[in-house]
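Peer 1: Turn this into a structure:
(2 chains)
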Amino acid sequence: MNRWLLALVLVLFAASLAIGPALWPWRLGHEVGWAIVWELRVPRATLGLLIGGVLGLSGAVLQGWLRNPLAEPGVIGVSACASFAAVCAFYSGLAAAFTLALPLAGIAGAAIAVALLMTAVRAGTGTVSLLLMGVAINAIAAALIALVLASSPNPFAYQEISLWLAGSITDRDLRYLAISTPFMVAGALLVLGAGRWLDALSLGEDAARSLGVDTGRLGLRLTLGVGLMVGAATSVAGVIGFVGLIAPHLVRARVGFKPGATMVPAMLVGAALVLAADILVRLLPTAFELQLGVFTSLIGAPFLVYVVRRARSAWLAA
Amino acid sequence: VMADRARAIPPVRAKVESILELRPDLVIFDRDAHANLKRLVRKAGVPILEVPWAASLDDAEQLIARIGAALGRDAEANAIIADMREQRRRFTLERGPPGPHHDDERTRRSALREAPLAAVLQPNRATAGKGSLMDELLRLSGFRNLAAELGIPAYGRLPLESVLAGRPDLLVLDGNANTHPARATEFVDHNALQALAGRARLVSIPIKASICAGPDNFEVLKLLGEARR
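Peer 2: From the prediction side, this is the model:
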């Protein structure tokens, strides 16, 4: 299956490079054509590939680790915390003075949210309380963002942040790619290497400990990995929701419901989803381009309803 | 500019209580302002004037005349309007000497085709499309507007790729950009725009002079006229 998914991702990546309002850019001469492809389409397609991949992978990790089919960076507040931290770095002027402040703040915000959520899981509460914790984290992050914006001297603050929070990878340049890629790749490597232990962890922390897994260190590793991936992705693209929810669900049955084996195919499906959605927003005949996150929510929120309906009987039994 | 003079007047939050506290003789509302606000002010016995949004220089002249009439200061309003008309004549690009060939449709069209092309880049990748104030000001200055030619509506968005592909002769930027950190304006530093260096001229227009129709717009026409030369 992975080979087919990889082929799909590569086709979508090539399509993303080929599609844009300028059509065939080389007809505009070497200099402009080169700028369109290298400075506009390459960052966009590569960010779509990487961000989709890490969101799908984060969803697979969180769902396996928290033993919760609804865990997803956007739903449980990880993306919102990353956004808040990135907004702080941006409006304080820190990001202008020190370029890496933006992804680093996003990573810190995401990691803090994951750690907070883990306390809820440790307390032995069920699916519902984890989701309520996510609702609370989302609400706090949204309120804090509003507070920061209300004290910003920038007249566009509200509009630009509502646009940015809706998620987009349009017109980002290579600098954004450069500051986020190392973190996303490092986070992905951290969690991909922990697949075997994730399977053990899905049996519960006690069972995992009895299998010889150092759950404390593993928890730290996964927190850091998800923080790096979601934090770096959110700080350059805003919130692109539901990709982490959909991707693992689409592949789980095919890999025998093993969390570790879900990771790679979920990553590939995530990349394919974001690349395809980003191509579609370019082609839709809207007056101006729809935000990517708006589009993934349009597809993802009904999917959430579907997952909840299917899972409800299982919760009632629990 | 108007914004500088307005700074001398203390701001009032747009709440009915704070408005009534000032015992105004007249409250001017935008036609689209909240109906409940208007009802409350009218009930308090304060006369109100509802005006439409001015999206062009003609709109602005009409608006000034209406407000002048409502305040009983027609003479001042008429003086402002006369001055605006004079300035508009002064800053509008002459399209050749008046004469028989001025009416020649073909000459006029070819002159239009040869007119330099301008792309307006505003915060949040917004642009001034068809029917916007900036569109009118560009036309008066003898520029074609890239966004309007692409069929983008008045407050639409213009992707950078379309800017590059359109190969404009002039980039119109927001003069207030980059004074505070803003995601809205960071695209101006996008490397891709380097490809237009040497091809397109830059003009930066203070947004406070171009956002609303009125006497301030002539500063925009002056800057555009200088860029045309």
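
Peer 1: quick one: low-confidence ranges for the stretch 201-318 of chain A?
Peer 2: For the stretch 201-318 of chain A, the stretches flagged by pLDDT under 70 are A:312-318.

Peer 1: Around chain B, pick out the residues from it.
Peer 2: Proximity of the stretch 201-318 of chain A to chain B, by C-beta under 8 Å from any C-beta of the partner chain, involves residues A:Ala287, A:Phe288, A:Glu289. The C-beta positions use only the backbone N, C-alpha and C, and glycine is treated the same way.

Peer 1: List only those of the residues you listed flagged as buried.
Peer 2: A:Phe288, A:Glu289 (16 or more other C-beta atoms under 10 Å in any protein chain shown).

Peer 1: Residue 26: neighbour count?
Peer 2: Because you didn't say which chain, this covers chain A. When counting by other C-beta atoms under 10 Å in any protein chain shown, one arrives at 12 neighbours for A:Trp26.

Peer 1: not quite, I wanted chain B
Peer 2: Neighbour tally, B:Leu26, other C-beta under 10 Å: 12.

Peer 1: ok, for it, nearest residue in space, not its chain neighbours?
Peer 2: B:Pro47 (5.4 Å; C-beta to C-beta, 6 or more residues apart in numbering or on different chains).

Peer 1: so what's that neighbour scoring on pLDDT?
Peer 2: What the model reports as pLDDT for B:Pro47 is 88.

Peer 1: For it, give me phi and psi.
Peer 2: When read as degrees, to the nearest 10, the backbone of B:Pro47 gives phi -70, psi 140.

Peer 1: what does the one 4 residues further on give?
Peer 2: Per-residue torsions, B:Val51: phi -130, psi 150 (degrees, to the nearest 10).

Peer 1: same thing with A:Arg67?
Peer 2: Here the main-chain torsion angles of A:Arg67 (degrees, to the nearest 10) amount to phi 50, psi 50.

Peer 1: picking up where we left off before, out of the residues of the stretch 201-318 of chain A next to chain B, which is nearest to chain B?
Peer 2: For those, the closest approach to chain B (C-beta to the nearest C-beta) belongs to A:Phe288, at 3.8 Å.

Peer 1: For that closest one, which three-state class applies?
Peer 2: When the structure is reduced to helix, strand and coil (DSSP: H, G, I helix; E, B strand; the rest coil), A:Phe288 reads as coil.

Peer 1: Return the member of the residues of the stretch 201-318 of chain A next to chain B nearest to B:Gln62.
Peer 2: For these, the residue nearest B:Gln62 by C-beta to C-beta is A:Ala287; the value is 27.9 Å.

Peer 1: got a markdown table for the residues of the stretch 201-318 of chain A next to chain B, with distance to B:Ala128 too?
Peer 2: As requested, those are exported to a markdown table (distance: C-beta to C-beta, whole Å):
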| residue | distance to B:Ala128 |
| --- | --- |
| A:Ala287 | 14 |
| A:Phe288 | 13 |
| A:Glu289 | 17 |
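
Peer 1: ok, the residue nearest to B:Leu26 - contacts?
Peer 2: With contact taken as C-beta atoms under 8 Å, 6 or more residues apart in numbering or on different chains, B:Pro47 is in contact with B:Asp25, B:Leu26, B:Val27.

Peer 1: Go through these and flag which are in strands.
Peer 2: Using DSSP state E, the members of those that fall within strands are B:Val27.

Peer 1: Where do the helices of chain B begin and end?
Peer 2: Counting by DSSP state H, the segments of chain B that form helices are B:2-6, B:16-21, B:35-43, B:57-71, B:74-91, B:105-114, B:133-140, B:146-149, B:160-166, B:207-210, B:217-228.

Peer 1: Could you name the stretch from the ones you listed that's closest to chain A?
Peer 2: Ranked by C-beta to the nearest C-beta, the member of the helices of chain B that lies closest to chain A is helix B:160-166, at 3.5 Å.

Peer 1: what does the closest one contact?
Peer 2: The contact list for helix B:160-166 (C-beta under 8 Å, 6+ apart) reads A:20-23, A:25, A:28, A:32, A:35-36, A:40-41, A:171, B:117, B:119, B:121, B:125, B:146, B:149-150, B:171, B:187, B:190, B:192-193, B:195-196.

Peer 1: I figured A:Ala276 hits A:Val9, correct?
Peer 2: No: because the distance of 9.7 Å does not satisfy C-beta atoms under 8 Å, A:Ala276 is recorded as not touching A:Val9.

Peer 1: Which one of those two is surrounded by more residues?
Peer 2: Just comparing A:Ala276 and A:Val9: by other C-beta under 10 Å the higher neighbour count belongs to A:Val9, 23 against 17.

Peer 1: Could you check the pLDDT of that one?
Peer 2: 96.

Peer 1: Check B:Leu146 too.
Peer 2: Per the predicted model, pLDDT is 92 at B:Leu146.

Peer 1: Just the CA atoms of stretch A:95-106, as CSV, please.
Peer 2: The C-alpha coordinates for stretch A:95-106 follow below in CSV (Å, rounded to 0.1, in the frame of the first residue of the first chain):
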residue,chain,number,x,y,z
ALA,A,95,10.1,37.0,15.0
ALA,A,96,11.4,40.0,13.1
ALA,A,97,14.5,40.2,15.2
PHE,A,98,15.3,36.5,15.2
THR,A,99,13.8,34.5,12.4
LEU,A,100,13.8,31.1,14.2
ALA,A,101,11.7,32.6,17.1
LEU,A,102,8.5,31.9,15.0
PRO,A,103,8.9,28.1,14.6
LEU,A,104,10.5,27.7,18.1
ALA,A,105,7.6,29.5,19.7
GLY,A,106,5.1,27.3,17.8
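
Peer 1: Give the buried residues for it.
Peer 2: Residues of stretch A:95-106 classed as buried by neighbour count (16+ other C-beta under 10 Å): A:Ala95, A:Ala96, A:Ala101, A:Leu102, A:Pro103, A:Leu104, A:Ala105, A:Gly106.

Peer 1: And the residues you listed, which two are furthest apart?
Peer 2: Of all pairs drawn from the buried residues of stretch A:95-106, the greatest distance, 15.6 Å, lies between A:Ala96 and A:Gly106 (C-beta to C-beta).

Peer 1: thinking again about what came up before, list the ones among the contacts of helix B:160-166 that fall in strands.
Peer 2: When the contacts of helix B:160-166 are checked against strands using DSSP E, the ones located there are B:Leu117, B:Ala119, B:Leu121, B:Leu171.
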